[in-house]
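Participant: okay, here's the prediction I keep looking at, along with the sequence it came from:
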There are 2 protein chains.
Amino acid sequence: MLQEQIQKHLDSLTKPPGSLGRLEELALCVGLIQQTASPQIVSKAMLIFCANHGVAEEGVSAYPSEVTRQMMANFQAGGAAINVLCRHFGIEPVIVDAGVENPTRNFTREPAMTREEALAAIELGRSYVQARAQTADIIGAGEMGIANSTAAAALLCAFTGLDPSEAAGRGTGLDDAGLERKTAALRKALALHRPDPTDAIAVLAALGGREIAAIVGLILGAHEHRRIVMLDGFISCSAALVARAIRPASLDNVLFAHRSAERGHSLMLDALGARPLLDLDMRLGEGTGAALAIALVEASVRLYREMATFSSAGVSEKAHRENRAR
Amino acid sequence: MLQEQIQKHLDSLTKPPGSLGRLEELALCVGLIQQTASPQIVSKAMLIFCANHGVAEEGVSAYPSEVTRQMMANFQAGGAAINVLCRHFGIEPVIVDAGVENPTRNFTREPAMTREEALAAIELGRSYVQARAQTADIIGAGEMGIANSTAAAALLCAFTGLDPSEAAGRGTGLDDAGLERKTAALRKALALHRPDPTDAIAVLAALGGREIAAIVGLILGAHEHRRIVMLDGFISCSAALVARAIRPASLDNVLFAHRSAERGHSLMLDALGARPLLDLDMRLGEGTGAALAIALVEASVRLYREMATFSSAGVSEKAHRENRAR
């Protein structure tokens, strides 16, 4: 009934029905999440979870682990790409240390986290949503963590059965030898842990990262608080695989920002049944794709709220209706 | 040399090289058009050219011709989709009557315009760019004109040799019978005028519309004044076919906003060698896709200008460089 009410309003606006395409879908989606025929996006936040990864020891990233800390400082100083985009689109960036000085263990040798550590990291993400639930209508999922595309690829393999050779990509720019090391590390980890996708927390603990777990918590918390989550690329979508396994309905509150250039992201989106909004060959993470997509969602809601209707603007409707009236 | 200078700056920013994908391409493109390594987008305008079409008599649109005038009034009152998007993204809308009360002639029976009329409409578009050249860094091409997707499809056929059955789409929402009338009108017009694509003005006069001609002038004028044009969908891209035939280099200043859901637009983009930025199933026109894409261009330039560099932020570069130094 709410859906029909929203659709009726969309069709009353001065445009051919459906001609705003996915922007109309977005306005409808926001209305359904907010449970109102007057959806609104007033304030926007971007949670940027930063953490380090023991598996970086395996030489799976083009950059050294200290870059995670350096980039977190860059976020705090306002100099990173995500800062610029947040300023441009009026999104509040919230930088969260999810484990920069407390890396996960090297999951080619032992589980990345204990079950308790994984749950604590989920709780961290959830607590941030709880704190923001009154002030942010839409929350972007950003992240930074050297080697975290290896963790995300491991989760992709664990939840879908994909082979590491399909799931591993070049991340921040690995060369061929690095990509081989990454694929080998994934094979070793999967053989060691034999992840059981029906125990999502165990999979996350074995192969995930603290920032990924925090985004799982962000998704679960957003569902509890009826807030919209905008996922970014390969890393944040790997959290959606975990969140779906824990609580399938939590994905109802999730929007998918873009198709990353990271190999494996298209397969991951397919596994999630997701059709992202943008496809701009981006592969930076941080929430950069999410920031752009949040601007689209905000635009869609403004269109819904501010456009004139056929009757208010005195615009004639479709000709065949007129003909019928004659 | 300028290109290398811009690329060098892009690669010095705190992100893996190329990881902002098409946003990096956009910043480079703006720099090359503005001929500076410090590109800037300060002010943005959207020219919305409105005109009527004699071919509407053939029953080729789902809406009656008076909607053009009614929608122009809606633009002036601020109630249309393009107004909302312009407000949202800080773009100045400029509504131009290019022939609302002065429709072209029905091109299934005679040329839509005389050569002089076509040239005057081009000049109208060019004069608006000239007037805005000092104040708008980027100019969107918007349009409104009942039956103008028939004119655009006719131009597509004339310049590419495509069959009307491939070029004709449902526009604002034609039913099957309407689509048949539209295809038949195109066949009749092409048989009558036998357009010669080497005489672009003659093709435009025979089959175009005044708003399309004005967008041709906008493209030519932007090239003369080193301004960026953001084309929208099927209608404004048909003007690019004409502009290219008149002055191929004029497309250097043109960006393509989105892939419209209008059938024929993908073929038109292929003919133009264009890869648009967005694909959101939109098919409204007015400049709505262009407005969204202008926001992306602006974001790309802010990233270029405002991001910290590896050295200014104290962030380590790629690990293999470090290893080499050891």
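Facilitator: Structure received.
Participant: quick one: low-confidence parts of chain A?
Facilitator: Low-confidence regions of chain A, defined here as pLDDT under 70, cover residues A:319-326.
Participant: run through the strands of the stretch 101-250 of chain A in chain order.
Facilitator: Here the stretch 101-250 of chain A has its strands, by DSSP state E, counting those that start in this stretch, at A:138-144, A:228-231.
Participant: remind me what the first one packs against, helices and strands.
Facilitator: On a contact count with 3 or more CB pairs under 8 Å, 6 or more residues apart in numbering or on different chains; DSSP states H and E, strand A:138-144 meets strand A:44-51, helix A:66-77, helix A:210-224, strand A:228-231, helix A:234-246, helix A:288-306. Yep, even glycine has a C-beta here, placed from its N, CA and C like the rest.
Participant: what's the first helix or strand after the last one?
Facilitator: This points to helix A:288-306. Scanning the chain past helix A:288-306 towards its C-terminal end, the next helix or strand to appear is helix A:310-313 (assignment: DSSP states H and E).
Participant: now do that next one: distance to the chain's middle.
Facilitator: Here the centre of helix A:310-313 is set off from its chain's centre by 38 Å, with CA atoms, centre = their mean, to the nearest Å.
Participant: that one near chain B anywhere?
Facilitator: Yes. Under the criterion of CB under 8 Å from any CB of the partner chain, helix A:310-313 makes contact with chain B via A:Ser312, A:Ala313.
Participant: report the buried residues of that helix.
Facilitator: Residues of helix A:310-313 classed as buried under the neighbour-count rule (16 or more other CB atoms under 10 Å in any protein chain shown) are A:Phe310, A:Ala313.
Participant: can you spell out which helices and strands pack onto it?
Facilitator: Contacts defined by 3+ CB pairs under 8 Å, 6+ apart place helix A:310-313 against helix B:66-77.
Participant: re earlier: possible to save the helices and strands packed on strand A:138-144 as TSV with mean neighbour count?
Facilitator: Below are the helices and strands packed on strand A:138-144 laid out as TSV (neighbours: other CB atoms under 10 Å in any protein chain shown):
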stretch	mean neighbour count
strand A:44-51	28
helix A:66-77	21
helix A:210-224	28
strand A:228-231	28
helix A:234-246	26
helix A:288-306	25
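Participant: need the ones you listed in CSV (columns: distance to chain B).
Facilitator: Supplementary listing: those in CSV, determined by distance: least, CB to the nearest CB, whole Å:
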stretch, distance to chain B
strand A:44-51, 13
helix A:66-77, 4
helix A:210-224, 18
strand A:228-231, 15
helix A:234-246, 12
helix A:288-306, 5
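Participant: dump those to JSON lines, plus distance to B:Thr68.
Facilitator: Rendered in JSON lines, the data for the helices and strands packed on strand A:138-144 read as follows (distance: least, CB to CB, whole Å):
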{"stretch": "strand A:44-51", "distance to B:Thr68": "37"}
{"stretch": "helix A:66-77", "distance to B:Thr68": "49"}
{"stretch": "helix A:210-224", "distance to B:Thr68": "44"}
{"stretch": "strand A:228-231", "distance to B:Thr68": "37"}
{"stretch": "helix A:234-246", "distance to B:Thr68": "44"}
{"stretch": "helix A:288-306", "distance to B:Thr68": "21"}
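Participant: mind listing what the residue nearest the centre of chain A touches?
Facilitator: The centre of chain A sits closest to A:Leu231, judged by CA atoms, centre = their mean, with a distance of 1.4 Å. Under the criterion of CB atoms under 8 Å, 6 or more residues apart in numbering or on different chains, the contact partners of A:Leu231 comprise A:Ala141, A:Ile215, A:Cys237, A:Ala239, A:Ala240, A:Val254, A:Leu255, A:Phe256, A:Ala257, A:Ala290.
Participant: report the beta-bridge partners for it.
Facilitator: In this entry, A:Leu231 is beta-bridged to A:Phe256, by DSSP bridges.
Participant: right, and the helices and strands packed on strand A:138-144 - which one's nearest B:Ser165?
Facilitator: Among those, the nearest to B:Ser165 by CB to CB is helix A:288-306 (33.2 Å).
Participant: report all helices and strands that that closest one contacts.
Facilitator: Contact partners of helix A:288-306 among helices and strands, from 3+ CB pairs under 8 Å, 6+ apart: helix A:2-12, helix A:22-34, strand A:44-51, helix A:81-89, strand A:138-144, strand A:228-231, helix B:81-89, helix B:288-306.
Participant: change it to 6 Å
Facilitator: Applying 3 or more CB pairs under 6 Å, 6 or more residues apart in numbering or on different chains; DSSP states H and E, we find helix A:288-306 packed against helix A:22-34, helix A:81-89, strand A:138-144, strand A:228-231, helix B:81-89.
Participant: hmm, who's touching the second one?
Facilitator: If I follow you right, that is helix A:81-89. Outside helix A:81-89, the residues within contact range by CB atoms under 6 Å, 6 or more residues apart in numbering or on different chains are A:46, A:93, A:142, A:284, A:286-288, A:291, A:295, B:15, B:299, B:302-303, B:306-307.
Participant: and the third one, by the same measure?
Facilitator: Strand A:138-144 is touched from outside by A:41, A:44-46, A:48-50, A:68, A:71, A:82, A:211, A:215, A:218, A:227-232, A:235-236, A:285-287, A:290, A:294, with contacts defined as CB under 6 Å, 6+ apart.
Participant: the first one now?
Facilitator: By CB under 6 Å, 6+ apart, the surrounding residues in contact with helix A:22-34 are A:Ile6, A:Leu10, A:Pro39, A:Ile228, A:Asn253, A:Val297, A:Ser300, A:Val301, A:Tyr304, B:Leu280, B:Asp281.
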